[in-house]
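In: Structure for the following, please:
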Amino acid sequence: MTTKRLRIGVIGVGFGSSVQIPGFQAEDMEVVAVCTRRREGAERAAQEFGIPGVYTDYRQMLQHPGLDAVSIATPPVSHHKIALEALDAGKHVLCEKAFAMDQGQAREMWQRAEQTGLTAMVNHLFRFAPGRAYVKELLQQGYVGDIRTVHTTLFMGPTRSPRPRPMTWGSQASQGGGFLKALGSHYIDGLLDWSCEITRVCGGTFQLDAERVDPESGRNVRADTDDSFGFIFTLKNGGWGSMTASSASPFGSGAMIQIYGTQGTLQTPQRGANPAPDGIVLGAKFAEGHGVQELPMPERFRPFDDPRDERSLAFRLLVRRFIQGIAEGSSPSPNFYDGFRCQQVMDAVAESGVSGRWVDIPTE
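Out: Numbers count the residues shown, from 1 in each chain. Purely as a prediction, here's the structure:
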């Protein structure tokens, strides 16, 4: 008996080409179509990866013969529309983060996925990075006891004399850009994956470096999105935490997540914004009687090496869960509900920045 290979189409050729298409093919999915607004970009990706279908209109791609699923790797402004139309067309969906423009869109996407019964997941791939996955297992085993406080810092920026960065969609609010959505979403999702249920937030977003250069005209322009954010939050279990981040910090030290509980601590340092595939976890607990030290990484969290991109390992592990969900008729985490919950937190941070007050996050 042979198993039919799942046939997927990829919409977007930035991250779609660098990580997604190679990852799908490595996991034996058949990438049968690629779509982007500029035909030359789609043709270039099709030639590089041997993809038969080339499209500039995702609606036409949805009609590609035998298409089972789509991956949406476009700016967030288009996620809502494409995801709903793909689900209505009977396609399983993997959607990039940031999931949506706001929680209203996110709620509709989650509920439509529930109604169709199709597999619908969000590409929060860092849940599957070895360090993050190991922390989750240790927390489930009670390594730190009851969580009291969680603190995340992320500082990155230029290492040469500052020059205006190129203007991209990530610098445009109308496209769903901004540092909170781009990377804050990953870190918020990580907390949710660790069962840190956020109930209230107080904080805001900030713009420290608005200067950009239009790559086509060479003219100086200004971004209208945040490059920094910070907030404190309360947890359902009575604990609290904070998250502070900036992409405008010269010689930034990278990221650190620190978890403190009644019995010990877990910490995950990162050299850059993304968790590395080698994964470093530090820990200490009263029962072991020693200070903070590196914990040996179990090999099961690194089942293979993929040196093409530091995100490739985590993405391919997420793809395996996507394939499993389609086979079982389910939407494994991180699914559209998880995307909605993450969006609630981001919207609350933005609202708090305007009002200057604590914002409650309702339970759906």
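In: show me where the chain has helices.
Out: 15, 21-26, 39-49, 58-61, 79-88, 103-116, 130-140, 179, 185-193, 312-328, 336-355 (DSSP state H).
In: how far does stretch 125-132 sit from the chain's center?
Out: Mean-position distance between stretch 125-132 and its chain equals 11 Å (C-alpha atoms, centre = their mean, to the nearest Å).
In: So for Ser312, what's the nearest residue that isn't a sequence neighbour?
Out: Excluding its sequence neighbours, the residue lying closest to Ser312 (C-beta to C-beta, 6 or more residues apart in numbering) is Asp306, at 3.9 Å. The way it works is simple: take the backbone N, C-alpha and C, and place the C-beta from them, glycine included.
In: For the one you found, which residues are in contact?
Out: Asp306 sits next to 26, 277, 312-313, 316 when contact means C-beta atoms under 8 Å, 6 or more residues apart in numbering.
In: for Arg311, same thing?
Out: By C-beta under 8 Å, 6+ apart, the residues touching Arg311 are 19, 125, 274.
In: swap in Thr199?
Out: By C-beta under 8 Å, 6+ apart, the residues touching Thr199 are 233-236, 360-361.
In: Ala98 - how many residues pack around it?
Out: Residues lying near Ala98 (other C-beta atoms under 10 Å) number 26.
In: picking that back up, export the contacts of Asp306 to CSV and tack on neighbour count?
Out: Listed next are the contacts of Asp306 as CSV, based on neighbours: other C-beta atoms under 10 Å:
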residue, neighbour count
Ala26, 15
Pro277, 19
Ser312, 21
Leu313, 26
Arg316, 20
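In: now, the most widely separated pair of these?
Out: Using C-beta to C-beta, the contacts of Asp306 reach their maximum pairwise distance at Ala26 and Pro277, which is 14.3 Å.
In: Averaged over its residues, which helix or strand of this protein has the lowest pLDDT?
Out: None of the helices or strands of the chain scores lower by mean pLDDT, DSSP states H and E than helix 15, at a mean of 86.
In: gap between that helix and the chain center?
Out: Computed by C-alpha atoms, centre = their mean, the separation of helix 15 from the middle of its chain amounts to 12 Å.
In: which residues touch the residue nearest the centre of the chain?
Out: Residue closest to the average C-alpha location in the chain (C-alpha atoms, centre = their mean): His124, at 3.5 Å. By C-beta under 8 Å, 6+ apart, the contact set of His124 is 97, 185-186, 189-190, 193, 318, 334, 338-339, 342.
In: so where's this structure shaky on pLDDT?
Out: Residues of the chain meeting the criterion pLDDT under 70: 1-3.
In: one more time with 50
Out: Flagging of the chain using pLDDT under 50 yields the residue ranges 1-2.
In: For the contacts of Arg311, pick the one with the most neighbours.
Out: Highest neighbour count within those, by other C-beta under 10 Å: Leu125, with 27 neighbours.
In: Who are the contact partners of it?
Out: 311, 314-315, 317-318.
In: closest to Ala327 among those?
Out: The shortest gap between Ala327 and any of these belongs to Leu318, at 15.1 Å (C-beta to C-beta).
In: ok, now which ones touch that closest one?
Out: 121, 123-125, 127-128, 334.
In: which two in those residues are spaced the farthest apart?
Out: Pairwise distances among the contacts of Leu318 were taken by C-beta to C-beta; the largest, 11.7 Å, belongs to Met121 and Phe128.
In: Looking at these two, which is more packed in?
Out: Higher neighbour count among Met121 and Phe128: Met121, with 25 against 22, using other C-beta under 10 Å.
In: Please name the residues that touch the more buried one.
Out: Residues in contact with Met121 (C-beta under 8 Å, 6+ apart) are 93-95, 318, 321-322, 325, 331-336.
In: now do Ala69
Out: Applying C-beta under 8 Å, 6+ apart, we find Ala69 in contact with 6-9, 29, 91-94, 119, 322, 326.
In: The nearest residue to Lys91 once chain neighbours are set aside - how many residues pack around it?
Out: Distances taken as C-beta to C-beta, 6+ apart place Val70 nearest to Lys91, at 5.1 Å, with adjacent residues excluded. Applying other C-beta under 10 Å, we find 27 residues neighbouring Val70.
In: cool, and the one 4 residues further on?
Out: For Thr74, the count of nearby residues is 25 (other C-beta under 10 Å).
In: Val93 now?
Out: By the measure other C-beta under 10 Å, the count of residues near Val93 is 28.
In: Out of the contacts of Leu125, which is nearest to Glu299?
Out: Of all those, Glu299 sits closest to Leu317, with 13.8 Å by C-beta to C-beta.
In: Name the nearest residue to that closest one, sequence neighbours excluded.
Out: Per C-beta to C-beta, 6+ apart, closest to Leu317 is Phe128, 3.9 Å.
In: Check whether the one you found really touches Ala314, as I assumed.
Out: Yes. Using C-beta atoms under 8 Å, Phe128 is in contact with Ala314, at 4.3 Å.
In: Make sure Leu183 is actually in contact with Gly170.
Out: No. In this structure, Leu183 is not within contact of Gly170 by C-beta under 8 Å, at 10.3 Å.
In: Which neighbours do those two have in common?
Out: Common neighbours of Leu183 and Gly170, counting by C-beta under 8 Å, 6+ apart, are absent.
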